[in-house]
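Novice: Sequence first, predicted model second:
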Amino acid sequence: IQSSPVKELRPYQRIVSVLTLTLTVFSIPIVALLIVFLIMIVGLVVDGQRNETAVLRSRGTSPFQVVGLATIEGLIMGVIALAIGILLASLFTQLIGNTRSFMDFNYSSSFIVSYPQTIMTTILLALFFTVLIRVVPTISASRHTIISYKSDRSRLIRRPFWQRLGIDILLMIVI
């Protein structure tokens, strides 16, 4: 080769970085909706378990032990979801890779599924974040004994934070 193609490829490198940034910016609202959804679901789970948590606290369990149980539960559920997710992702990627056209699959080709090098960091961050989302509401629930929990339930119930902040109305406007 007489001349290097680096000069001609530089504009494409700039375009790739701009497109990557654009896709990242477009994915921010989706990630925000996912986080709000996770927080709401975990809030429902913790509210459903508040009575059991209060009974545990009344029988001598410390708040640290209740939070530890929630952490272990979150880790176990996260690892199970991770294993099932990796298996399903590999199977679906293999299926998509073997597709020639609509409903025409070619199983004779050897399609290899590979993972990027940064996948382990991403997995650990996602697992940490989901366990953190699971544990934070449990901290406030672990402060109640059965007596304080029942007395709080008998009083006026306060609206959830997402209703107080108006997030539900904002989500309805977006939809």
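Specialist: Now that the structure is in, tell me what you want to look at. Residues are numbered from 1 along each chain as shown.

Novice: neighbours around V42, how many?
Specialist: By other C-beta atoms under 10 Å, the residues close to V42 number 19. For glycine as for every other residue, the C-beta is placed from the backbone atoms N, C-alpha and C.

Novice: gap between it and V6?
Specialist: Applying C-beta to C-beta, to the nearest Å, the value for V42 to V6 is 50 Å.

Novice: Low-confidence stretches in the protein?
Specialist: 1, 101, 103-109, 154-158, 161-162, 175 (pLDDT under 70).

Novice: and the residue positioned nearest the centre of it, what does it touch?
Specialist: Nearest to the geometric centre of the chain sits T130, at 5.5 Å (C-alpha atoms, centre = their mean). Each residue near T130 by C-beta atoms under 8 Å, 6 or more residues apart in numbering is listed here: L38, G74, G78.

Novice: what's around L75, how many residues?
Specialist: When neighbours are counted by other C-beta under 10 Å, L75 comes out with 15.

Novice: The biggest helix by length in the chain - contacts with which helices or strands?
Specialist: For the chain, the longest helix by residue count, based on DSSP state H, is helix 6-58. Judged by 3 or more C-beta pairs under 8 Å, 6 or more residues apart in numbering; DSSP states H and E, the packing partners of helix 6-58 are helix 63-97, helix 119-141, helix 146-154, helix 161-164, helix 167-174.

Novice: Show the end-to-end separation of stretch 112-124, please.
Specialist: With C-alpha to C-alpha, to the nearest Å applied, stretch 112-124 spans 24 Å between its terminal residues.

Novice: my bad, should have said stretch 110-123
Specialist: First residue to last in stretch 110-123 (C-alpha to C-alpha) measures 27 Å.

Novice: just how off-centre is it within its chain?
Specialist: Remark: stretch 110-123 is offset 19 Å from the chain centroid, using C-alpha atoms, centre = their mean, to the nearest Å.

Novice: What are the buried residues along that stretch?
Specialist: Using 16 or more other C-beta atoms under 10 Å as the burial criterion, none of the residues of stretch 110-123 qualify.
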